[in-house]
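Q: after the sequence you'll find the predicted model.
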Amino acid sequence: MEEFTKELLEQLNVKTVFTIGPFAISESVVVSWIVMAVLIIGSIWLTRGLKVHNPGKKQLVAETIVSWLDNFTQSMLGENGKEYSGYIATVLLYIGFSNIIGVFGFKPPTKDMCVTIALSLMSIVLIEVSGVRAKGMKGWLKSFTQPIAVVTPINILELVTRPLSLCMRLFGNVLGAFVIMELIKMVVPVFVPMVFSLYFDFFDGLIQAYVFVFLTSLFIAEATEV
């Protein structure tokens, strides 16, 4: 149990890799850069030499991915929020790759609460901005009194509870998967942990990415409803 506690504290500890002047660059930031580099390089490679006629296999793969992401995100955002599908798709890819990067020996950035807080704040700002753009400032302020004026304090409180919910759900589920894996290793140290590792590193990691973008999309759809 002492070893388990030590390993858990190790996962919660955010290490500083190097410093740039007064700025300390943490491990989660470096791994995020790696994830971003993989996504950017992959995007550049897939989109090089695009053709209008007789597209190659690489272009067909790129078009399939983009079409799937567009259809997937726009179906959640609704008609009024589909212009934000690019952001939702980017967050989906980032969180998805961040959650499964542990397979390659890296510590997932989503185990750092600072990362999940940043993602949540970005999403909640976009949600409120989308509401202002769809309804205007007057209509956005009026929405806090819906469906009746007495619930206005609760609606205002959601400005805090929504990002907190997004942050803690993502951070808690990713960390919870680690805790379950360690407990399984303590009880059944051979073979079985490998099977569960594949589940938590891939399937569960992608599910958490989906849940995050689904809730963000749902809030945007609500905010842009006129």
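A: Received it, and whenever you're ready, just let me know what you need. Numbering: from 1, shown residues only.
Q: state the helix or strand in which the residue positioned nearest the centre of the chain lies.
A: Nearest residue to the geometric centre of the chain (Cα atoms, centre = their mean): residue 95, 3.9 Å. Assigned by DSSP states H and E, residue 95 belongs to helix 85-100.
Q: which other helices and strands contact the helix or strand following that helix?
A: Per DSSP H and E, the first helix or strand lying C-terminal to helix 85-100 is helix 113-142. The elements that helix 113-142 packs onto, with contact taken as 3 or more Cβ pairs under 8 Å, 6 or more residues apart in numbering; DSSP states H and E, are helix 27-46, helix 85-100, helix 152-187, helix 204-223. Backbone N, C-alpha and C define where each C-beta goes, glycine included.
Q: try it again at 7 Å.
A: In this structure, helix 113-142 makes packing contacts with helix 27-46, helix 152-187, helix 204-223, judged by 3 or more Cβ pairs under 7 Å, 6 or more residues apart in numbering; DSSP states H and E.
Q: right, and those - which one's nearest residue 78?
A: helix 204-223 (4.3 Å; Cβ to Cβ).
Q: mind giving me the packing neighbours of the closest one?
A: Counting by 3+ Cβ pairs under 7 Å, 6+ apart, helix 204-223 packs on helix 57-77, helix 85-100, helix 113-142, helix 152-187.
Q: list the helices and strands the helix holding residue 95 packs on?
A: Going by 3+ Cβ pairs under 7 Å, 6+ apart, helix 85-100 lies up against helix 27-46, helix 57-77, helix 204-223.
Q: possible to save those helices as a markdown table with mean pLDDT?
A: A markdown table is the format used below for the helices and strands packed on helix 85-100 (pLDDT from 0 to 100):
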| stretch | mean pLDDT |
| --- | --- |
| helix 27-46 | 92 |
| helix 57-77 | 90 |
| helix 204-223 | 88 |
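Q: so which of these has the densest surroundings on average?
A: helix 204-223 (a mean of 20; mean count of other Cβ atoms under 10 Å).
Q: and the contacts of it?
A: 73, 76-78, 81, 84, 88, 91-92, 95-96, 99-100, 123, 126-128, 130-131, 134, 162, 166, 169-170, 173-174, 177 (Cβ atoms under 7 Å, 6 or more residues apart in numbering).
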